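In: Here is a sequence with its predicted model. Questions after.
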Amino acid sequence: MASVTKQFTTLCIMILNEKGQLQFDDNCKKYIPELPYYSTAIRNLVTHTSGIPEYFDEAVIQFPHLPRTIAAIDIALHDAFCEFTGIPVVNFYGRKIEGLATLVAIGKKDTAAMLEEATINYQAAFKVIKIKTGLDVDQDIERVAKLTKQFGNKMRTREDANQGYDLAQLKYFMEETKQLAMELIEQRLKVD
């Protein structure tokens, strides 16, 4: 974690320097007056010779059993930097805009009823269908095969196994459906 934090700090400083928002010889107190370190220049942050404790690293040490806390601290650091620079976080990391296809879910039904409901939803302009499965792996394979035969690549298929498979069943399902037009499988395995 420390090297990632240091790399991020260096990257942030380099961006701010390029934008003319700070100079490498500036004192850190110019930007953070509350900082208790008087003779620390920005250059020292970039070269990692500031002597300032690695607070993020300390959080990792103090909260090793709380990964969500560590993630929250990490996100807060990125958010604070982007707020300071006026760069939205999505622009800092890169934004990819793609239309979100509307999805409809079909509950656990026999294959004929599922196909009928899928047809109705396709005619209503749904382009992604999620079928609820997980009771019978062979029947689930049959459903995906028939959906693929009926719709081809005109409708994307997802499967929600509702934690219905054990590892052997999941491997079997994936092997039998790997040539079919299925986008993803969610909640695959039973929770022990």
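Out: It's in. Quick caveat, the model's predicted, so the values are computed rather than measured. Numbering: from 1, shown residues only.
In: Who are the packing partners of the helix or strand hosting E142?
Out: Assigned by DSSP states H and E, E142 falls within helix 137-151. Under the contact criterion of 3 or more Cβ pairs under 8 Å, 6 or more residues apart in numbering; DSSP states H and E, helix 137-151 touches helix 111-123, strand 128-132, strand 156-160, helix 167-177. Backbone N, C-alpha and C define where each C-beta goes, glycine included.
In: Now find how far off-centre the third one is within its chain.
Out: Okay, so that is strand 156-160. Offset of strand 156-160 from its chain centre (Cα atoms, centre = their mean, to the nearest Å): 19 Å.
In: Show the average pLDDT along that strand.
Out: For strand 156-160, mean pLDDT rounds to 82.
In: ok, back up a step: could you export the helices and strands packed on helix 137-151 as CSV, including mean neighbour count?
Out: Output for the helices and strands packed on helix 137-151, formatted as CSV (neighbours: other Cβ atoms under 10 Å):
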stretch, mean neighbour count
helix 111-123, 15
strand 128-132, 20
strand 156-160, 20
helix 167-177, 15
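In: can you put the ones you listed in a markdown table and add distance to A145?
Out: What follows is those, written out as a markdown table (distance: least, Cβ to Cβ, whole Å):
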| stretch | distance to A145 |
| --- | --- |
| helix 111-123 | 10 |
| strand 128-132 | 12 |
| strand 156-160 | 10 |
| helix 167-177 | 7 |
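In: count of neighbours near F126?
Out: Residues within reach of F126, counting by other Cβ atoms under 10 Å, total 16.
In: How about the secondary structure of it?
Out: Following DSSP: H, G, I helix; E, B strand; the rest coil, we place F126 in the coil state.
In: Settle this for me: it is touching L103, isn't it.
Out: Yes. Assessed by Cβ atoms under 8 Å, F126 is found in contact with L103 at 7.2 Å.
In: for this structure, which helix is longest?
Out: helix 67-85 (DSSP state H).
In: Point out the other helices and strands that that one packs with.
Out: helix 2-18, helix 55-62, helix 89-93.
In: coming back round to it: which outside residues touch the helix holding E142?
Out: With Cβ atoms under 8 Å, 6 or more residues apart in numbering as the test, helix 137-151 has contacts from 111, 114-115, 118-119, 122, 129, 131, 133-134, 155, 157, 159, 161, 165, 169, 172-173, 176-177, 180-182.
In: Next, the buried residues of that helix.
Out: 137, 140-141, 143-148, 151 (16 or more other Cβ atoms under 10 Å).
In: mind exporting stretch 146-157 as CSV, just the C-alpha atoms?
Out: C-alpha atoms of stretch 146-157 as CSV (Å, rounded to 0.1, in the frame of the first residue of the first chain):
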residue,chain,number,x,y,z
LYS,A,146,-33.2,-22.2,-25.8
LEU,A,147,-32.8,-18.5,-25.2
THR,A,148,-29.7,-18.4,-27.3
LYS,A,149,-31.5,-20.3,-30.1
GLN,A,150,-34.5,-18.1,-30.0
PHE,A,151,-32.8,-14.7,-29.7
GLY,A,152,-29.2,-15.2,-30.9
ASN,A,153,-27.3,-12.0,-30.2
LYS,A,154,-30.4,-9.8,-30.4
MET,A,155,-30.8,-10.0,-26.6
ARG,A,156,-28.0,-10.3,-24.0
THR,A,157,-28.6,-13.0,-21.5
